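Peer 1: Build me a structure from this.
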Amino acid sequence: MITLAAVLGIAATAALGCWQLDRAAQKQALGAAIEARGQQAPLSGPALLQALQAPAADLVHRPVALQGRWLADHTLYLDNRQMNGRPGFFVLTPLALDGPAPAVVLVQRGWVPRNFQDRTALAPVDTPQGPVAVTGRLALSPARLYEMATGADPVPEASPIRQNLDMARFRAQSGLPLLPMSVVQTGADSEGLQRDWPRIDAGVDKHYGYAFQWFGISVLMAVLYVWFQLFRRFIRPRQQPTA
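Peer 2: Sure thing, here's the model as predicted:
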């Protein structure tokens, strides 16, 4: 019974270690694909509309170079976002793209700090009214934070402050021809916004750490089994009883 338990335990932990190594290999391949994607030529407005026919997963992190006009009245502030460990807001403004077909893309423009005396007091952000050029990379909808109920906002819906953003809901509320993906604006800080976005990390080191732990447990179980079930019972000479 002990032997069976030991074999099962060693096999299970070794299998988990191999699974973590496989996950690390997958993340490495994903990281390489993201890096290669980031080296491609930037998509312009018409090329972006055509590229969006492909699955979103194949477009994330593609660079873009867009021209259009800000729709400042629809600017949103996502609350409880951090940059360099400081709490604040991500500022999102729709950009109406130049071109024959009406199309609007939501741009994650940058970050502004929070006013700790008045949560609803927002830092000034300069939004030019004329034509603008925006460079960045394609992204999915901004990551969601925990909320008490799906779609619930901690402030009235009329406020530009949001805890999370539901793209379909925002499209319906605004009536804008919003594209299914957003753009993370890159480049130097400007317009009162910081753009020190976190580095894209596939998390490979984490899987290597987990694999090391599982293989370590597997080896430890094997060593303990050999010590207590083989060495102490059969290999180590037993002491002879004294006369």
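
Peer 1: Please name every helix or strand in contact with the longest strand along the chain.
Peer 2: Using DSSP state E to define each element, the chain has its longest strand at strand 86-97. Here strand 86-97 touches helix 45-51, strand 63-70, strand 76-83, strand 104-113, strand 178-185, going by 3 or more CB pairs under 8 Å, 6 or more residues apart in numbering; DSSP states H and E. Every C-beta, even on glycine, is put in place using the N, C-alpha and C of the backbone.

Peer 1: one more time with 6 Å, if that's ok
Peer 2: Using 3 or more CB pairs under 6 Å, 6 or more residues apart in numbering; DSSP states H and E, the elements in contact with strand 86-97 are strand 63-70, strand 76-83, strand 104-113.

Peer 1: will you turn those strands into TSV that also has distance to residue 139 and mean pLDDT?
Peer 2: Converted to TSV, these look like this (distance: least, CB to CB, whole Å; pLDDT from 0 to 100):
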stretch	distance to residue 139	mean pLDDT
strand 63-70	10	94
strand 76-83	13	92
strand 104-113	7	95
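
Peer 1: Out of those, which one sits most buried?
Peer 2: Mean neighbours per residue, mean count of other CB atoms under 10 Å, is largest over the helices and strands packed on strand 86-97 for strand 104-113, with a mean of 23.

Peer 1: Tell me where this protein has helices.
Peer 2: 2-38, 45-51, 167-174, 204-225 (DSSP state H).

Peer 1: To residue 91, which of these lies closest?
Peer 2: Of all those, it is helix 167-174 that lies closest to residue 91, at 14.5 Å by CB to CB.

Peer 1: Give me the buried positions along stretch 96-103.
Peer 2: For stretch 96-103, the buried set under the neighbour-count rule, 16 or more other CB atoms under 10 Å, comprises 97, 103.

Peer 1: how close does residue 177 get to residue 87?
Peer 2: 33 Å (CB to CB, to the nearest Å).

Peer 1: next one: residue 188
Peer 2: 23 Å.

Peer 1: neighbour count winner among the two?
Peer 2: Legend: neighbour count by other CB atoms under 10 Å for residue 188 and residue 87, higher for residue 87 (13 against 6).

Peer 1: Tell me what the more buried one is bridged to.
Peer 2: residue 82 (DSSP bridges).

Peer 1: hang on, isn't it packed against residue 113?
Peer 2: No. Assessed by CB atoms under 6 Å, residue 87 is found out of contact with residue 113, at 7.6 Å.
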